[in-house]
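# generate coordinates for the sequence data below:
(one chain, ligands or ions: 1)
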Amino acid sequence: MAYNLLKGKKGIIFGALDENSIAWKTALACHAEGAELVLTNAPIALRMGTINKLAEITGAPVIPADVTSNDDVANLFTKSMEHFGGGVDFILHSIGMSINVRKGKHYTENDYDFTHKGLDISALSLHRVLAIAMKMDAINEWGSVVALSYIAAQRIFPDYNDMADNKAYLESIARNFGYQYGIKKHVRINTVSQSPTRTTAGSGVKGFDGFISYAEKMSPLGNADAEQCANYCVTLFSDLTKMVTMQNLFHDGGFSFTGVSQAVIEQMEK
Ligand SMILES: NC(=O)c1ccc[n+]([C@@H]2O[C@H](COP(=O)([O-])OP(=O)(O)OC[C@H]3O[C@@H](n4cnc5c(N)ncnc54)[C@H](O)[C@@H]3O)[C@@H](O)[C@H]2O)c1
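Okay, the predicted model is just below:
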């Protein structure tokens, strides 16, 4: 059901690779709520993924941008502002990648070139996007920026590897830039800490099946899926959440505040 929550709003969605991507579902939800969109991803992801199908459904142009490149991000804002005839009202940062995870490098034996690259893509990119947007005055008054995070930023999930550090840094940037952009232009910036979700990035984590069923058993409401995450992002882009900023918001069915659940106790007693 649509409520026209984003009628008249214009947004940029980073990170839709295929139909499993959280960004894909968020683009669909924003479109259903009346938003106009620009879609973007790294050039290689545009070649490997299926973003053109999403572009057709949502009537959105696709503008390539590698988030580790200042020039690409600046070009993305220039083209988006031309397309919209002005600034944007919301941005979804749905980007994550760890080469250490991909190559199976244990946390204690991380390759620092991989660490640097992963940090640049997964966390610093939020700073880059916000800094360039601020310089170009690309986000409208009371705009909203959401980046996706995971609870490994606060608690240990060993196989999440250096992505845990990346998420901690990402959440810190959301707080610090949230202050700066808040005083400058009432732009709000939050992270949404999502349940484990079956996507290309998610399934790349070692032991993901065990991981996702443990979280399901530990969450009183069960795991939140990608569509539910998309709906939550819509509320954060809408005018109904105007005074929420600099927060890390758990969207995880209650996992983050559950010490132990009956289901897990029963499992341990077997
Ligand atoms: N899937 C999960 O279990 C889960 C849980 C919590 C948070 N998250 C976060 O959600 C976000 C989206 O991930 P997803 O699960 O939808 O997986 P996904 O693989 O569909 O999305 C990750 C995206 O990052 C993009 N990307 C990678 N390098 C890039 C670069 N250099 N420039 C631009 N884009 C680049 C990829 O092309 C891809 O579209 C990530 O931040 C992820 O960490 C995922």
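# distance check, Val38 against Asn75.
With distances taken as Cβ to Cβ, to the nearest Å, Val38 is found 12 Å from Asn75. Using the backbone N, CA and C atoms, a C-beta is placed for each residue, glycine as well.
# between the two, what contacts are shared?
Shared contacts of Val38 and Asn75 (Cβ atoms under 8 Å, 6 or more residues apart in numbering): Ile63.
# more neighbours: which of the two?
Val38 (25 against 15; other Cβ atoms under 10 Å).
# so that one sits against Gly59, correct?
No. Contact criterion Cβ atoms under 8 Å: Val38 and Gly59 do not qualify, at 10.8 Å.
# okay, and the common contacts of these two?
Joint contacts of Val38 and Gly59 (Cβ under 8 Å, 6+ apart) do not exist.
# longest strand of the protein?
If you go by DSSP state E, the chain has its longest strand at strand 139-149.
# got the CA coordinates for whichever helix or strand comes after it in PDB?
Using DSSP states H and E, the helix or strand that follows strand 139-149 towards the C-terminus is helix 163-185. Extracted as PDB, the C-alpha positions of helix 163-185 are listed here (Å, rounded to 0.1, in the frame of the first residue of the first chain):
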ATOM      1  CA  MET A 163      33.600  -5.000   7.800                       C
ATOM      2  CA  ALA A 164      33.000  -4.600  11.500                       C
ATOM      3  CA  ASP A 165      35.600  -1.800  11.600                       C
ATOM      4  CA  ASN A 166      34.200  -0.300   8.400                       C
ATOM      5  CA  LYS A 167      30.700  -0.100   9.900                       C
ATOM      6  CA  ALA A 168      31.900   1.500  13.100                       C
ATOM      7  CA  TYR A 169      33.600   4.200  11.000                       C
ATOM      8  CA  LEU A 170      30.500   4.600   8.800                       C
ATOM      9  CA  GLU A 171      28.300   5.200  11.900                       C
ATOM     10  CA  SER A 172      30.800   7.700  13.300                       C
ATOM     11  CA  ILE A 173      30.800   9.600  10.000                       C
ATOM     12  CA  ALA A 174      27.000   9.700  10.100                       C
ATOM     13  CA  ARG A 175      27.100  11.300  13.600                       C
ATOM     14  CA  ASN A 176      29.900  13.800  12.800                       C
ATOM     15  CA  PHE A 177      28.600  14.900   9.400                       C
ATOM     16  CA  GLY A 178      25.000  14.800  10.800                       C
ATOM     17  CA  TYR A 179      26.100  17.600  13.100                       C
ATOM     18  CA  GLN A 180      27.900  19.600  10.400                       C
ATOM     19  CA  TYR A 181      25.100  19.300   7.800                       C
ATOM     20  CA  GLY A 182      22.400  19.800  10.400                       C
ATOM     21  CA  ILE A 183      23.700  23.200  11.500                       C
ATOM     22  CA  LYS A 184      24.400  24.200   7.900                       C
ATOM     23  CA  LYS A 185      21.200  23.200   6.200                       C
END
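# buried set for helix 163-185?
163-167, 169-174, 177-178, 181, 185 (16 or more other Cβ atoms under 10 Å).
# helices or strands next to the next helix or strand after that helix in the packing?
Using DSSP H and E, the next helix or strand after helix 163-185 towards the C-terminus is strand 188-194. With contacts taken as 3 or more Cβ pairs under 8 Å, 6 or more residues apart in numbering; DSSP states H and E, strand 188-194 sits against strand 139-149, helix 163-185, helix 226-237, strand 248-251.
# tell me which strands the last one pairs with, and in which orientation.
Right, the one you point to is strand 248-251. For strand 248-251, the paired strands and their directions (DSSP bridges) are strand 188-194 (parallel).
# can you give me the offset of the partner strand from its chain's centre?
Strand 188-194 has its C-alpha centroid displaced from the chain centroid by 8 Å (Cα atoms, centre = their mean, to the nearest Å).
# I'm done for today, thanks for sticking with me.
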